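Undergrad: Could you work out the structure for the sequence below:
(chains A and B)
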Amino acid sequence: MDPLILSRIQFGANISFHILFPTITIALGWVLLFFKLRYNATNDSAWMRAYFTWVKVFALSFAMGVVSGVTMSFQFGTNWPGYMEHVGNIAGPLLAYEILTAFFLEAAFLGIMLFGFRRVSNRVHTLATVLVAGGTTLSAFWIIALNSWMQTPAGFEMIDGKAHAVDWWAIIFNPSMPYRLVHMLLASGLTVSFLISGLSALRYLNGDRSESMWKALRTGVFTAAILIPIQILAGDQHGLNTLEHQPQKIAAMEANWNTGPNVPLVLFALPDEAAKENKFEVAIPDGASLVLRHSTDGVVPGLNDFPGNHPPVFPIFWSFRIMVGTGLLMLAVSWSAAFFLKRRHSLPKPLAMLMVPMALSGWLATLAGWYTTEIGRQPWLVTGVLKTADAVGPVAGSHVALTLAVYLILYVLLLIAYLGVLVHLALKAAKDGDSSPLPGVMKAAMSQPAAGE
Amino acid sequence: MTLDWPTALPLIFAGLMGLAILIYVILDGFDLGIGILFVMAEDAEQDTMIAAIGPFWDANETWLVLAVGLLLVAFPMAHGVILTALYIPVFVLLVGLILRGVAFDFRAKVPSGKKHRWNRIFFLGSVIASLAQGYMLGVYVLGLDVGLGGTAFGVLVALCLAAAYAAMGAAWVIYKTEGELQRKAVRWLRTALVLTALGMAAVSLATPFASPRIFDKWFGWPQMLYLSPLPILSALMFLWLWRQTFHLPKPDDRHALTPFLTLAAIFVLGFAGLAWSFYPFVVPDKLTIWQAASATESLAIILVGTAVVLPIIIFYSFYAYRVFGGKATDLTYD
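TA: Numbers count the residues shown, from 1 in each chain, chains lettered A, B, ... in the order given. Down below sits the predicted model:
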């Protein structure tokens, strides 16, 4: 088979597997800090139990993120040597700063955060939690800066086919970077809040009515309910930014074949790239013009403006709709759950049962969103600078196919094991309830404060 | 050679990359080694061994990311050449690192019936990762030659590097534990030392004979005189450490850290020898560090960050090791 498409599938598989875990750790670090600070402020041991339950999920997710991240740092070289050869002068420093400022910070203080509760003072432990959460977020900052630069490159000049930096500020804060960063951080917050509410709902359905379950459930549901409208607004702004800088991506997302005014918002269609038309189209008249240009006769770019230079239509048309659809479902579920928790102080069983599978809704929306934006960048690896086909390495297709097969099997097995452990941890926490021994805090060893009892 | 920035920067980065690799090999060496020794330990001992590396392994592995990262960012040309030539071994290494990394966490969190399975995966992953690193070193030493001879030599170095890691692991167990497990570790160390010495001798002999350029660098006069302390000191330290294994552990647990430090010193000497052999090449006999380097302005901006951040990293890494100093106790989330 063709090494190019195989390498793309391989990198796509690796990065898809990888992004699942940072998406959890980025926001979960801050949620853990919140639990910890609530405990510090109230001395209520239920907060600490919530912390201990979720710190295990954090540790496991972090380990999964580290090992899949190490894999990616090697794959730049094994599969895409042309990438670093052409834009290494830009990508290199951004990656180096991620490793130096974020990776080490997270890794060194993670040990103290996970296992150091009795070895350092409560204050240092809280500080370690802050540093780990800050490290994961800083890591996201650098990676999003690099990714955005590949989407909307700025601040460089080309000398002999190689990009050279001219203005680092313009490179880091390139046109799409602030939008993408906000969108991704919110996505992480939503993923974690739905994961927490989903697993707490599972505990609820198993008869767990402990304080730590309620505290985690409320934290998850209310965070989700607050973040989702902000995310919808941020996503809309991100879309307008894409319209300005990457109109061909918008044209493919909307499956709009011809530039013009009064473009409908396509709800359902099977885009046919050969015939340049949509089959079985269901659309709202003037919808796309209204959303993108805020006027019914606003001109929306069409694919006819970018012959041979636009991304494949079918996958990003659908991945975009999956993301938006999941987002709307998140809005409905989180707001109804918030309503019941706030007004009725209870959770109807059917809603709880819906919340359990919704625990993974953040993953679905994040992946669909990343597919939209990354496939939407094709055929370019760095928009207007380097084509994906020109960066692939000289490795034989059979090698890539073999390694791809092993990676895929490995990732599927690890994902099953990971989800199995999450369910196991939730059910164990449900069984223990508030009666679980609270190590460290209860024994009040070393400099730890005793729990409130 | 005038030392202007375009000349100096690639040199500095080659030094930094070498430092990162060296620190990685020493630090991840002991936790990989503990994974290799896992199969020889009882259930309870395995928990103690995990506790001895639990808070550290993550930061240890970050040095590998830094080393590859520096290769990637400072020498992008070499990064592509080396990693495409070593495509399959790199893949095997990654599978090993993935397996052991996740097994670490899974074994502590799965229902107790499944713990054994993850213990085995932890052992396998550690062995696979160590062998892959050794194989890559062997092939790299021979100038990325993957012919039959190169492969055979790669396998030899793979076994010896795994033994060297096992020795590091045993030395760390001696430092972090007490009682029966500590005595066991002394015996593990004695066996692993022999293989380690054999491997270092093999690499030291093969490197000059694989390349006339390297031969001239070692066996010309007077550099032979200046270089002679490297092999002589290494050999003396090996012998001394081997004798020590008959006297450890000592009363009051004196010198518990000595085996680890001695091994680290041997690693440093071996690494210095390799660095001398290959300088100024980053891809043996093909690309020098100047030919493979990134643009000066890019290197400069990384150097600024590195100069500020690296001392901080080293400082807080020491802090983390100090927090978890002393004998390993059961690792719990508290």
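Undergrad: Near the residue of the stretch 101-250 of chain B found nearest chain A, how many other residues are there?
TA: The minimum distance from the stretch 101-250 of chain B to chain A, using Cβ to the nearest Cβ, falls at residue B:101 (3.8 Å). The C-beta positions use only the backbone N, C-alpha and C, and glycine is treated the same way. The number of residues packed near residue B:101 is 24, by other Cβ atoms under 10 Å in any protein chain shown.
Undergrad: Can you tell me the element it falls in?
TA: helix B:87-109 (DSSP states H and E).
Undergrad: Residue A:279 now?
TA: strand A:277-284.
Undergrad: buried sites along that strand?
TA: A:278, A:283 (16 or more other Cβ atoms under 10 Å in any protein chain shown).
Undergrad: residues making contact with it?
TA: A:255, A:257, A:264, A:265, A:266, A:267, A:268, A:269, A:270, A:271, A:272 (Cβ atoms under 8 Å, 6 or more residues apart in numbering or on different chains).
Undergrad: how far is that strand from where the chain is centred?
TA: 30 Å (Cα atoms, centre = their mean, to the nearest Å).
Undergrad: Packing partners of the helix or strand that comes right after it?
TA: Downstream of strand A:277-284, the next assigned helix or strand under DSSP H and E is helix A:287-293. Applying 3 or more Cβ pairs under 8 Å, 6 or more residues apart in numbering or on different chains; DSSP states H and E, we find helix A:287-293 packed against helix A:211-245, strand A:265-272.
Undergrad: will you turn those into JSON lines that also has mean neighbour count?
TA: Compiled in JSON lines, these are given as follows (neighbours: other Cβ atoms under 10 Å in any protein chain shown):
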{"stretch": "helix A:211-245", "mean neighbour count": "20"}
{"stretch": "strand A:265-272", "mean neighbour count": "16"}
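Undergrad: I'd like to know which of these lies nearest to chain B.
TA: Nearest of the helices and strands packed on helix A:287-293 (Cβ to the nearest Cβ): helix A:211-245, 14.5 Å.
Undergrad: other SSEs contacting that closest one?
TA: helix A:3-42, helix A:45-79, helix A:177-205, helix A:247-253, helix A:287-293, helix A:313-339, helix A:397-432.
Undergrad: Could you dump these into a markdown table and include mean neighbour count and mean pLDDT?
TA: As requested, the helices and strands packed on helix A:211-245 are arranged in a markdown table below (neighbours: other Cβ atoms under 10 Å in any protein chain shown; pLDDT from 0 to 100):
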| stretch | mean neighbour count | mean pLDDT |
| --- | --- | --- |
| helix A:3-42 | 20 | 91 |
| helix A:45-79 | 24 | 85 |
| helix A:177-205 | 24 | 94 |
| helix A:247-253 | 24 | 87 |
| helix A:287-293 | 20 | 82 |
| helix A:313-339 | 19 | 92 |
| helix A:397-432 | 16 | 88 |
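Undergrad: JSON lines please, covering the ones you listed and showing distance to residue B:280.
TA: Shown next, in JSON lines, are these (distance: least, Cβ to Cβ, whole Å):
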{"stretch": "helix A:3-42", "distance to residue B:280": "32"}
{"stretch": "helix A:45-79", "distance to residue B:280": "21"}
{"stretch": "helix A:177-205", "distance to residue B:280": "38"}
{"stretch": "helix A:247-253", "distance to residue B:280": "45"}
{"stretch": "helix A:287-293", "distance to residue B:280": "56"}
{"stretch": "helix A:313-339", "distance to residue B:280": "47"}
{"stretch": "helix A:397-432", "distance to residue B:280": "31"}
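Undergrad: what about the strands in the stretch 201-334 of chain B?
TA: B:281-283, B:287-288 (DSSP state E, counting those that start in this stretch).
Undergrad: so which of those strands is the most packed in?
TA: strand B:281-283 (a mean of 23; mean count of other Cβ atoms under 10 Å in any protein chain shown).
Undergrad: Can you give me the end-to-end span of stretch A:264-281?
TA: 10 Å (Cα to Cα, to the nearest Å).
Undergrad: Off-centre distance for it?
TA: 28 Å.
Undergrad: now do stretch B:17-35
TA: 3 Å.
Undergrad: still on that earlier bit, out of the helices and strands packed on helix A:287-293, nearest to residue B:73?
TA: helix A:211-245 (26.3 Å; Cβ to Cβ).
Undergrad: what is the orientation angle of that closest one with helix A:397-432?
TA: 150 degrees (axes from the mean of the first three to the mean of the last three Cα atoms, to 10 degrees).
Undergrad: and helix A:211-245 with helix A:45-79, angle?
TA: 40 degrees.
Undergrad: I'd like the mean pLDDT over helix A:211-245, please.
TA: The average pLDDT within helix A:211-245 is 91.
Undergrad: Is there a neighbour count for the residue in the stretch 251-400 of chain A positioned nearest to chain B? I'd like the number.
TA: Here the stretch 251-400 of chain A gets closest to chain B at one residue, residue A:393, 4.7 Å apart by Cβ to the nearest Cβ. For residue A:393, the count of nearby residues is 22 (other Cβ under 10 Å).
Undergrad: and it, what does it touch?
TA: A:3, A:7, A:78, A:79, A:80, A:81, A:82, B:80, B:84.
Undergrad: and the angle from the helix or strand containing residue A:135 to helix A:177-205?
TA: Using DSSP H and E, residue A:135 sits within helix A:122-151. For helix A:122-151 against helix A:177-205, the angle by the same axes, to 10 degrees is 130 degrees.
Undergrad: sorry, back to before: dump the C-alpha coordinates for the helix holding residue B:101 into PDB.
TA: The C-alpha trace of helix B:87-109 is given here as PDB (Å, rounded to 0.1, in the frame of the first residue of the first chain):
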ATOM      1  CA  TYR B  87      12.300   2.500  12.000                       C
ATOM      2  CA  ILE B  88      11.600  -1.000  13.300                       C
ATOM      3  CA  PRO B  89      13.800  -0.900  16.400                       C
ATOM      4  CA  VAL B  90      12.300   2.500  17.300                       C
ATOM      5  CA  PHE B  91       8.900   1.000  16.900                       C
ATOM      6  CA  VAL B  92       9.800  -2.000  19.200                       C
ATOM      7  CA  LEU B  93      11.200   0.400  21.800                       C
ATOM      8  CA  LEU B  94       8.000   2.500  21.700                       C
ATOM      9  CA  VAL B  95       5.800  -0.600  22.200                       C
ATOM     10  CA  GLY B  96       8.000  -1.600  25.100                       C
ATOM     11  CA  LEU B  97       7.800   1.800  26.700                       C
ATOM     12  CA  ILE B  98       4.000   2.000  26.200                       C
ATOM     13  CA  LEU B  99       3.500  -1.400  27.800                       C
ATOM     14  CA  ARG B 100       5.600  -0.800  30.800                       C
ATOM     15  CA  GLY B 101       4.500   2.800  31.400                       C
ATOM     16  CA  VAL B 102       0.800   1.800  31.500                       C
ATOM     17  CA  ALA B 103       1.400  -1.500  33.300                       C
ATOM     18  CA  PHE B 104       2.900   0.600  36.100                       C
ATOM     19  CA  ASP B 105      -0.500   2.200  36.800                       C
ATOM     20  CA  PHE B 106      -2.800  -0.600  35.800                       C
ATOM     21  CA  ARG B 107      -1.200  -3.100  38.100                       C
ATOM     22  CA  ALA B 108      -2.100  -0.900  41.100                       C
ATOM     23  CA  LYS B 109      -5.700  -0.200  40.000                       C
END
